[in-house]
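**Q** only geometry, no sequence info:
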């Protein structure tokens, strides 16, 4: 076994796989089951918008035209699908 493959690496990999992948995916699937797919898709819109807002507010990133354009693209796409 290579020297870098320590028990800590395996533990952290397991933790990442469960806490960052399996549990959030289960929560999304459960949410879709409870509120329905169309409402879950609408709530999914919050993710990209909040990412842009937090990047600007907390990280101090500049709000670029590309970010605004991408945000508008997502909003218009969601609105079109909703119609």
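**A** Received it, and whenever you're ready, just let me know what you need. Keep in mind that what you see is a predicted model, and the values were worked out from it rather than measured.

**Q** which residues touch the nearest residue to residue 71 once chain neighbours are set aside?
**A** The shortest distance from residue 71 to any non-neighbouring residue, by C-beta to C-beta, 6 or more residues apart in numbering, is to residue 52 (5.8 Å). Every residue, glycine included, has its C-beta placed from N, CA and C. Contact partners of residue 52, counting by C-beta atoms under 8 Å, 6 or more residues apart in numbering, are 63, 67, 70-71.

**Q** kindly recompute the last result at 10 Å.
**A** The contact partners of residue 52, taken as C-beta atoms under 10 Å, 6 or more residues apart in numbering, are 61, 63-64, 67-68, 70-71, 74.

**Q** let's have those in CSV, adding neighbour count, distance to residue 21 and secondary structure.
**A** Formatted as CSV, the contacts of residue 52 follow (neighbours: other C-beta atoms under 10 Å; distance: C-beta to C-beta, whole Å; DSSP: H, G, I helix; E, B strand; the rest coil):
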residue, neighbour count, distance to residue 21, secondary structure
61, 12, 26, coil
63, 13, 31, coil
64, 11, 30, coil
67, 15, 27, helix
68, 11, 31, helix
70, 13, 25, helix
71, 16, 26, helix
74, 16, 24, helix
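
**Q** and the protein, what are its domains?
**A** Domain ranges of the chain: 1-36, 45-83, per automatic domain parsing.

**Q** and the strands in this protein, which stretches?
**A** Shown for the chain, no strands are assigned by DSSP state E.

**Q** looking at this structure, which helix or strand is least sure?
**A** Sorted by mean pLDDT, DSSP states H and E, the helices and strands of the chain end with helix 37-44, the least confident at a mean of 83.

**Q** tabulate the domains of the chain (a markdown table), appending mean pLDDT.
**A** Formatted as a markdown table, these follow (pLDDT from 0 to 100):
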| stretch | mean pLDDT |
| --- | --- |
| domain 1-36 | 92 |
| domain 45-83 | 88 |
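
**Q** I'd like the contacts of residue 52 as CSV, with distance to residue 18 appended.
**A** Listed next are the contacts of residue 52 as CSV, based on distance: C-beta to C-beta, whole Å:
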residue, distance to residue 18
61, 31
63, 35
64, 36
67, 32
68, 37
70, 31
71, 32
74, 30
